[in-house]
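Engineer: quick one, fold the following:
(one chain, ligands or ions: 1)
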Amino acid sequence: MKKGRVFSGARPTGKQHIGNYLGAIQNYVKLQQDYDCIYCIVDVHALTTLEDTHMLKANTHDMMLDWLAAGLDPQKSILFVQSHVPEVMELHTLLSMVTPLGWLLRVTTFKEKVKMQPHNVNYGLVGYPVLMTADIVLYKADIVPVGEDQLPHLELAREIVRRFNNIFGETFPEPQAKLTNFPMVLGLDGEKKMSKSLDNHIELAASPEETTRRIMGAFTDPARKFRNDPGHPEVCNVYSLHHFYTYLKLEEIGKQCRAAEIGCVECKRMLADNINKALAPFREKRAQLAEKYVDEVLADGARRAHAIARETMKEVREKMGLP
Ligand code: SF4
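Structural biologist: From the prediction side, this is the model:
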């Protein structure tokens with residue numbers, strides 16, 4: 001017996017990198033054991049910040065292919081694309097009628113987005129938390145995996161749900177946060193979070209040669225200019241990646257680095273080999289999955305999500321007194 005229904009959404013960012021895997025996907029895969037999971041690629045959310053949409057379809061497809069190869073299982077979870085279930089747009093509109101504008105204007109990420117794209121302050125940006133609430137409650141999900149930084153968003157969703165339930169009667173469960181420790185994975189530049197837009201990433205689907213090439217070019221401890229210089233692994237992002245891929249030898253590598261007993265070239269090669277070994281089953285599975293299979297999974301996911309959404313909207317319209 002499953003413990004509850006989980007909902008999580010992610011923007012269509014295309015081919016996934018090891019930061020996406022360690023930060024979210026591996027957690028998605030684990031949750032499938034104990035929960036009914038609904039995982040959604042939120043393409044409509046992407047429109048709030050995207051001005052050029054020509055890659056949207058291909059990115060959605062690539063992302064789902066990576067999710068499937070990484071272990072998301074359509075027999076256990078509903079996997080679908082947000083816009084394939086248009087009821088979410090209707091629920092967004094109806095929830096917006098019970099959401100005071102002041103709640104939305106106070107949201108920190110809205111203020112940040114306004115600064116980031118002053119030329120494109122669209123309504124979708126301010127309405128984003130309402131659409132996010134609609135995503136969750138359309139499927140009556142009771143659990144949402146979030147990092148500490150996303151707690152305020154979920155709290156706002158809970159407030160919207162409480163207000164709706166108070167006005168129209170108990171309809172939606174208040175979604176609970178499942179606090180998850182999403183590890184912050186540094187990019188190969190060693191300064192920022194791993195990200196495709198910063199080109200400091202390693203794609204899960206990259207070839208072993210490409211993976212090795214990128215790691216050999218990664219920044220390390222800047223104080224280590226010559227092979228005999230003692231290193232400081234705590235400031236080295238290659239070492240931070242060893243945490244995930246060479247954890248059994250972590251202490252040993254740290255000691256060897258500090259004593260200049262290992263060079264950066266050797267250390268990076270070891271990391272590249274271990275990443276390639278860890279990703280080999282993923283890469284093999286990805287290569288075997290037919291293009292058509294992704295479309296079939298998405299169509300089946302949309303059909304199952306739609307069945308839940310239809311029931312919810314019937315109830316919502318009745319409760320709101322819509323003729
Ligand atoms: Fe980083 Fe390894 Fe070089 Fe030490 S030896 S600075 S841990 S790459």
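Engineer: grab the longest helix from the chain for me.
Structural biologist: Secondary structure of the chain per DSSP state H: the longest helix is helix 291-320.
Engineer: list the buried residues for that one?
Structural biologist: Across helix 291-320, burial judged by 16 or more other C-beta atoms under 10 Å covers 294, 297-298, 301-302, 304-306, 308-309, 312-313, 316, 319. (Glycine included, C-beta is placed from N, CA and C.)
Engineer: closest to Phe168 out of the residues you listed?
Structural biologist: Checking the buried residues of helix 291-320 against Phe168 by C-beta to C-beta gives Lys319 as the nearest, at 4.3 Å.
Engineer: which ones are touching the closest one?
Structural biologist: Residues counted as contacts of Lys319 (C-beta atoms under 8 Å, 6 or more residues apart in numbering) are 168-169, 171.
Engineer: now, of those residues, which are buried?
Structural biologist: Among the contacts of Lys319, those classed as buried by 16+ other C-beta under 10 Å are 168, 171.
Engineer: which of the contacts of Lys319 fall within helices?
Structural biologist: Per DSSP H, these map to helices at Phe168.
Engineer: quick revisit: the longest helix of the chain: how far from the chain's middle?
Structural biologist: 21 Å (C-alpha atoms, centre = their mean, to the nearest Å).
Engineer: for that helix, the averaged confidence score.
Structural biologist: The pLDDT scores in helix 291-320 average 97.
Engineer: one more: stretch 30-37?
Structural biologist: For stretch 30-37, mean pLDDT rounds to 96.
Engineer: got a list of contacts for that stretch?
Structural biologist: Applying C-beta under 8 Å, 6+ apart, the external contacts of stretch 30-37 come out as 2-8, 28, 71-73, 76-78, 143, 145.
Engineer: 7 Å instead, please
Structural biologist: Residues outside stretch 30-37 that contact it (C-beta atoms under 7 Å, 6 or more residues apart in numbering) are 2-6, 73, 76-77, 143, 145.
Engineer: can you pull the contacts of the residue most central in space within the chain?
Structural biologist: Using C-alpha atoms, centre = their mean, the residue of the chain that lies closest to the mean C-alpha position is Ala10, 4.5 Å off. The contact partners of Ala10, by C-beta under 7 Å, 6+ apart, come to 24, 41-42.
Engineer: ok, of those, which one's closest to Lys192?
Structural biologist: Using C-beta to C-beta, Ala24 comes nearest to Lys192 of these, at 17.5 Å.
Engineer: give me the pLDDT for that closest one.
Structural biologist: Predicted confidence (pLDDT) for Ala24: 91.
Engineer: and it, how far is that from Ile308?
Structural biologist: Using C-beta to C-beta, to the nearest Å, Ala24 is found at 23 Å from Ile308.
Engineer: then Thr49?
Structural biologist: As judged by C-beta to C-beta, Thr49 and Ile308 stand 28 Å apart.
Engineer: give me the buried positions along the worst-scoring helix or strand of the chain on mean pLDDT.
Structural biologist: Sorting the helices and strands of the chain by mean pLDDT, DSSP states H and E puts helix 108-116 at the bottom, at a mean of 88. Within helix 108-116, the residues that count as buried by 16+ other C-beta under 10 Å are 110, 113.
Engineer: repeat for stretch 85-105
Structural biologist: For stretch 85-105, burial by neighbour count (16+ other C-beta under 10 Å) applies to 85, 87-88, 91-92, 94-96, 98-99, 104.
Engineer: nearest to the ligand, of these?
Structural biologist: Leu104 (44.7 Å; C-beta to the nearest ligand atom).
Engineer: contact partners of the helix or strand hosting that closest one?
Structural biologist: Taking DSSP states H and E as the criterion, Leu104 maps to helix 101-105. Outside helix 101-105, the residues that touch it by C-beta under 7 Å, 6+ apart are 110, 126-127, 129, 156, 159.
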